[in-house]
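[1] Fold the following for me, if possible:
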Amino acid sequence: MRTLRRQDSLTTTNTETTYSMETSSVSTHHFNTSPQHRRSPTSSRENNSNSTNATANTNSPRGSTGVPASPMQPPAQPLVPTRNPPNSTGLPSLPSKRSCVARKHLVRAVIHDFYDDLNSNITSKSIEIWKSLYERYHSPSYIMVRPSGNPCDTAGFIQMLIAKDVEIYEFKLQSVDNVQLIADDTVAIVTYTVDQKFKFKNTHHEDRVTNTCILEDCNGDIKICHEQRSTGRPIPQDDQAQ
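    Residues are numbered from 1 along each chain as shown. I've put the predicted structure just below:
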């Protein structure tokens with residue numbers, strides 16, 4: 001690179017024209033040797049063209065140095081995680097199905113809690129109480145298949161509980177025997193054992209039954225959507241004494 005210095009005949013301002021074979025433009029400006037103000041052409045034809053128009057372009061958006069002005073960039077927006085986006089209230093969304101049904105101890109807890117609440121209201125004949133309890137633990141599509149094979153939905157089960165010829169003494173949960181997860185851990189199949197003591201049409205019954213139930217996620221809550229009850233068998237004497 002070589003630099004030619006000259007003094008303009010009309011002014012006393014020192015100017016500098018820089019030539020190089022490495023860049024694509026020429027800049028004629030007030031004398032400044034800082035590297036950020038230097039630009040060089042690659043051909044003499046571009047040198048002549050740019051040198052002629054250098055003064056006319058000093059008011060252009062490129063500025064007096066010939067370097068294009070950088071437009072203002074908007075500030076970078078923070079990334080928002082999409083795995084669990086916030087809902088309209090600004091609170092985290094409800095857990096996914098995998099996060100609740102897939103935890104077996106939560107599935108077991110639903111069965112235990114249901115029977116605790118069931119026995120707390122076992123003698124009630126209030127439709128409102130039983131409706132509230134069943135809506136808390138059961139899905140709207142809940143169906144129970146009785147030993148006879150006849151299905152019973154929530155409304156039918158509540159009518160049976162409040163019937164005059166039915167008197168329930170105790171539905172005692174003995175054990176949750178097995179929990180299996182299917183459908184990519186979004187559905188739980190549970191078997192459990194219950195001792196049922198009740199009177200139906202003046203006949204006293206004490207039965208040990210095994211129930212199979214299916215639980216699913218309903219808007220973030222684990223609920224029972226299907227049950228099937230086995231035929232009752234006698235409660236062992238040792239367990240009756242407890």
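[2] Low-confidence ranges, the chain, go.
    For the chain, applying pLDDT under 70 flags the ranges 1-100, 239-242.
[3] which other helices and strands contact the top helix by length along the chain?
    Identified as the longest helix of the chain according to DSSP state H is helix 104-120. With contacts taken as 3 or more CB pairs under 8 Å, 6 or more residues apart in numbering; DSSP states H and E, helix 104-120 sits against helix 127-137, strand 166-182, strand 187-200, strand 203-218, strand 221-229. For the C-beta atoms, the positions are set from N, CA and C on the backbone; glycine is no exception.
[4] hmm, 10 Å instead?
    Packing partners of helix 104-120 (3 or more CB pairs under 10 Å, 6 or more residues apart in numbering; DSSP states H and E): helix 97-101, helix 127-137, strand 166-182, strand 187-200, strand 203-218, strand 221-229.
[5] Would you mind telling me which of the ones you listed is nearest residue 150?
    strand 221-229 (10.9 Å; CB to CB).
[6] That closest one versus helix 104-120: what angle between them?
    Interaxial angle, strand 221-229 versus helix 104-120 (axes from the mean of the first three to the mean of the last three CA atoms, to 10 degrees): 70 degrees.
[7] Just the CA trace of the longest helix of the chain, in PDB.
    What follows is helix 104-120, C-alpha atoms only, in PDB (Å, rounded to 0.1, in the frame of the first residue of the first chain):
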ATOM      1  CA  LYS A 104     -47.800 -45.100  40.900                       C
ATOM      2  CA  HIS A 105     -47.800 -43.700  44.500                       C
ATOM      3  CA  LEU A 106     -50.200 -40.900  43.300                       C
ATOM      4  CA  VAL A 107     -52.500 -43.500  41.800                       C
ATOM      5  CA  ARG A 108     -52.500 -45.500  45.000                       C
ATOM      6  CA  ALA A 109     -53.200 -42.300  47.000                       C
ATOM      7  CA  VAL A 110     -56.400 -41.600  44.900                       C
ATOM      8  CA  ILE A 111     -57.800 -45.100  45.800                       C
ATOM      9  CA  HIS A 112     -57.000 -44.600  49.500                       C
ATOM     10  CA  ASP A 113     -58.400 -41.100  49.600                       C
ATOM     11  CA  PHE A 114     -61.600 -42.100  47.900                       C
ATOM     12  CA  TYR A 115     -62.300 -44.900  50.400                       C
ATOM     13  CA  ASP A 116     -61.500 -42.600  53.300                       C
ATOM     14  CA  ASP A 117     -64.100 -40.100  52.100                       C
ATOM     15  CA  LEU A 118     -66.500 -42.800  51.200                       C
ATOM     16  CA  ASN A 119     -66.500 -44.200  54.800                       C
ATOM     17  CA  SER A 120     -66.700 -40.700  56.300                       C
END
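[8] what's next to it, contact-wise?
    Outside of helix 104-120, the residues within contact range by CB atoms under 10 Å, 6 or more residues apart in numbering are 99-101, 103, 129-130, 132-134, 136-138, 161, 168-176, 178-181, 185, 188-190, 192, 194, 211, 213, 215, 221-224.
[9] Just the buried ones from those residues?
    Those of the contacts of helix 104-120 that meet the buried threshold are 100-101, 103, 129-130, 133-134, 137-138, 161, 168, 171-173, 176, 179, 181, 188-190, 192, 194, 211, 213, 215, 222-224, by 16 or more other CB atoms under 10 Å.
[10] Count the neighbours of residue 131 for me.
    Close neighbours of residue 131, defined as other CB atoms under 10 Å, add up to 13.
[11] Now do the nearest residue to it once chain neighbours are set aside: how many residues are near it, please.
    Spatial nearest neighbour of residue 131, excluding adjacent residues (CB to CB, 6 or more residues apart in numbering): residue 158 at 6.1 Å. Counted with other CB under 10 Å, the neighbours of residue 158 add up to 19.
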